Every structure is written in structure tokens, then in C-alpha cells.
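S.K.: A predicted structure for the sequence below; I have some questions about it.
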Amino acid sequence: MVKKVVFYSLILFSFVVFSQEKQIVIQNDTTSIVPKKINSQDLNAYKVDKNFDYEESIAKEEPTFLERFFNWMGRQFLRFLEWIFGVKYAKGIFANILMALPYLVAAIVLFLIIKFFIKVNIKWVISNAQNKNIVQLSEDENPFI
């Protein structure tokens, strides 16, 4: 009981917050701003100069074979969802499940690969139980007796 009181008192008194010691003085800017005037002749000189041409031309490229394949797979998946649920896009908790589904599949595949290559008895990993001896030693063979 005493340990709990000491623990909670340490937690309670560890959240003491101090205010700022220095005060910041705000200075207002009182200088006047004079707008510059630009005539059309000066503007035309900048329009002709290529260094001031900031337009971006986005060239439309044809999608690659892989992009077309993945787009097709995505459309087929959406058609499958629409066939099952009657809606084009998943909403609510089902949308969250579908967003987590690739990570879940990747975790399962990774788990199976590790299990295959390491050949670990998974019950031992999960339950943390000791492996039982497979070989039974008699009294003559046991070196610890």
C-alpha cells in the first residue's frame, strides 16, 4: 500500500509546469510601404524572356504494360466488391479492413516463409513451453546421474 502511495505521489508531483520567465516584447513595424509601378513595356520584356517562363507542360504518356495490368486488376476487384456488396466503393469498417488486408496477407506470407525455413515448432514459440526430450536415456546412458 505504501508503494502505491509513493508511486502515485511521484507521478502527481512530476507534472509540475513552470511558466515562462522572460517576457517577449513585440515591436510593431511602422515603416511605410511604397508600391512600385510597372508599365506594359517592362512587362513585355519579362514575358519574352525564357528565364521567367514558369508554365509546366505535362506530357501525356501512354501507361506501361504493368500500369495497364494493375489498373485492370483494380477495376476487377472493384467489380467484385460491387457484385458482393452492391456498392462501388467500400465504406465504414469494411474500407478499413480492405486497407489493412495487404499488410495482413504480407504478414502471413512472411510468417509462413520464416516457419518454412527455420522449421520451428510454433506451439513452443507461442506458449513458451520447453521441448520435451525425444530420446529417452536409461540410467546406464545418462551422464548426469
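M.R.: On my side now, so go ahead. Numbers count the residues shown, from 1 in each chain.
S.K.: and residue 76, how many neighbours?
M.R.: Residue 76 sits with 10 neighbouring residues when counted by other CB atoms under 10 Å. Using the backbone N, CA and C atoms, a C-beta is placed for each residue, glycine as well.
S.K.: Mind checking the pLDDT average for the one helix or strand residue 77 maps to?
M.R.: Counting by DSSP states H and E, the element that carries residue 77 is helix 65-85. Helix 65-85 comes out with an average pLDDT of 85.
S.K.: Buried residues in it, which are they?
M.R.: residue 81 (16 or more other CB atoms under 10 Å).
S.K.: low-scoring stretches of the chain, by residue?
M.R.: For the chain, applying pLDDT under 70 flags the ranges 13-21, 85-90, 120-145.
S.K.: longest helix anywhere in it?
M.R.: Ranked by residue count under DSSP state H, the longest helix found in the chain is helix 93-118.
S.K.: If I take it and helix 65-85, what angle do their directions form?
M.R.: Helix 93-118 runs at 120 degrees relative to helix 65-85, counting by axes from the mean of the first three to the mean of the last three CA atoms, to 10 degrees.
S.K.: Measure how far the helix holding residue 77 is from the centre of its chain, please.
M.R.: Distance, stretch centre to chain centre, for helix 65-85: 24 Å (CA atoms, centre = their mean, to the nearest Å).
S.K.: Ok, stretch 25-36 next?
M.R.: Computed by CA atoms, centre = their mean, the separation of stretch 25-36 from the middle of its chain amounts to 45 Å.
S.K.: Use 36 as the first number for this chain going forward.
M.R.: Okay, using 36 as the starting number, the last item reads as stretch 60-71.
S.K.: for it, how far is the first residue from the last?
M.R.: End-to-end distance for stretch 60-71: 32 Å, by CA to CA, to the nearest Å.
S.K.: How about residues contacting that stretch?
M.R.: Outside of stretch 60-71, no residue comes within contact range by CB atoms under 8 Å, 6 or more residues apart in numbering.
S.K.: burial of residue 69, as a residue count?
M.R.: Using other CB under 10 Å, residue 69 has 6 other residues around it.
S.K.: Now do the SS call for it.
M.R.: Three-state assignment for residue 69 (DSSP: H, G, I helix; E, B strand; the rest coil): coil.
S.K.: Residue 62 versus that one, what's the distance?
M.R.: Residue 69 sits 21 Å away from residue 62 when distances are taken as CB to CB, to the nearest Å.
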